[in-house]
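J.: fold the following.
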Amino acid sequence: MKITNKFNLPDFVVDVLTTSDYTRGKSHVSVTQLIDSPRIRILQRMHDDSIEQDASEFIWSSFGTAVHNLFEDKIKDGISEERLFIDIDGWNISGAIDVQQVTEDGVIVYDYKVTSVWSVIFDKSEWHNQLNAYAWLVRKAKGLPVKEAKIVAVLRDWQRRKAAEEESYPDSPVQIVDIPIWSEQEQDDYIHGRIAAHQEATFSQMRGTSLPLCSEKEKWMKDDKFAVKKTSNKRAMRVFDSMEDAQHYFDSRGLDNAHSIEVRKGAATRCEQNWCRVQEFCDQYLNEETA
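T.: Residues are numbered from 1 along each chain as shown. Now for the predicted structure:
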């Protein structure tokens, strides 16, 4: 990867932000790669020498590393930052688990996240996938059941005023989020399915054929919205999830021809807001942009 410095940050700042000791070990994929898009993983590997990222963009991952280090130094009653490995379906899978607390009836798994308030308010399926993959890894690599899984969420944009005024807003900048544990069969099926998807992508790349497409979830696709508005105004009176609800509101208010229902097409947030580092190398994105 090519590191740029578009904002002329001092060299020591760039060094701090971009230095990382992360490694997945001698595994084919890590858990975080396994639960993500096979297409993105392959394209990142293929174009690593050409991908550019500005040093400033490393700020949040640097915060995450700092939080990990802060907690790691204080763990007294658990196993901290242990990377586990397991061979399955011809591949080696690894995962670094932030904290494991071993009790008489099972293991409690914790994962640290430096994240936004919205990640706590609106449930993140990625957290469910990741922590259940860790639970599977502990069970397979250590022969121990995981009885609980928790996210330690450090909210980088938490506001005291909103916490005092809004009932649904997190009451503190650190939240413990409980993640439901799937059955062993659900975990097994999920892991086998993800490995198969990544192996298919790897074989496609080796054969020189098209990579599997990213799913709507992997593109962080937002659904269409339907805005009831006065046609001359930009701002909507109300926004609905379905045309039926928007039409009912329109009719029930007796709105006239000076009003309309505007369809706001859902966007692939990951692709269109530059959250994907391989965007410029992705034929799926380029074809959808020109369609």
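J.: what pLDDT, on average, does whichever helix or strand residue 40 is part of get?
T.: Using DSSP states H and E, the element containing residue 40 is helix 38-46. Mean per-residue pLDDT for helix 38-46: 97.
J.: hang on, residue 284 is in a helix, isn't it?
T.: Yes: assessed by DSSP: H, G, I helix; E, B strand; the rest coil, residue 284 belongs to a helix.
J.: tell me the pLDDT at the closest residue to it other than its chain neighbours?
T.: Nearest residue to residue 284, sequence neighbours excluded (Cβ to Cβ, 6 or more residues apart in numbering): residue 213, at 5.2 Å. Where C-beta positions appear, they are placed from N, C-alpha and C, glycine not excepted. For residue 213, the pLDDT comes out at 97.
J.: likewise for residue 32?
T.: 97.
J.: just give the number of residues close to residue 24.
T.: Neighbourhood size, residue 24 [other Cβ atoms under 10 Å]: 18.
J.: which residues are in contact with it?
T.: Applying Cβ atoms under 8 Å, 6 or more residues apart in numbering to residue 24 gives the contacts 30, 33, 94.
J.: and residue 190, by the same measure?
T.: By Cβ under 8 Å, 6+ apart, the contact list for residue 190 reads 129, 132-133, 136, 182.
J.: mind checking how far the residue nearest in space to the middle of the chain is from residue 59?
T.: Nearest to the mean C-alpha position of the chain, by Cα atoms, centre = their mean, lies residue 126 at 5.4 Å. When Cβ to Cβ, to the nearest Å is applied, the distance between residue 126 and residue 59 equals 21 Å.
J.: residues of stretch 13-23 that come out buried?
T.: By 16 or more other Cβ atoms under 10 Å, the buried positions in stretch 13-23 come out as 14, 17-18.
J.: so where's the chain uncertain?
T.: 291 (pLDDT under 70).
J.: need the longest strand for it.
T.: Longest strand of the chain, by residue count under DSSP state E: strand 91-103.
J.: partners of that one, with directions?
T.: Strand 91-103 pairs in its sheet with strand 29-30 (parallel), strand 79-88 (antiparallel), strand 106-115 (antiparallel), by DSSP bridges.
J.: where's it relative to the chain centroid, distance-wise?
T.: Distance, stretch centre to chain centre, for strand 91-103: 18 Å (Cα atoms, centre = their mean, to the nearest Å).
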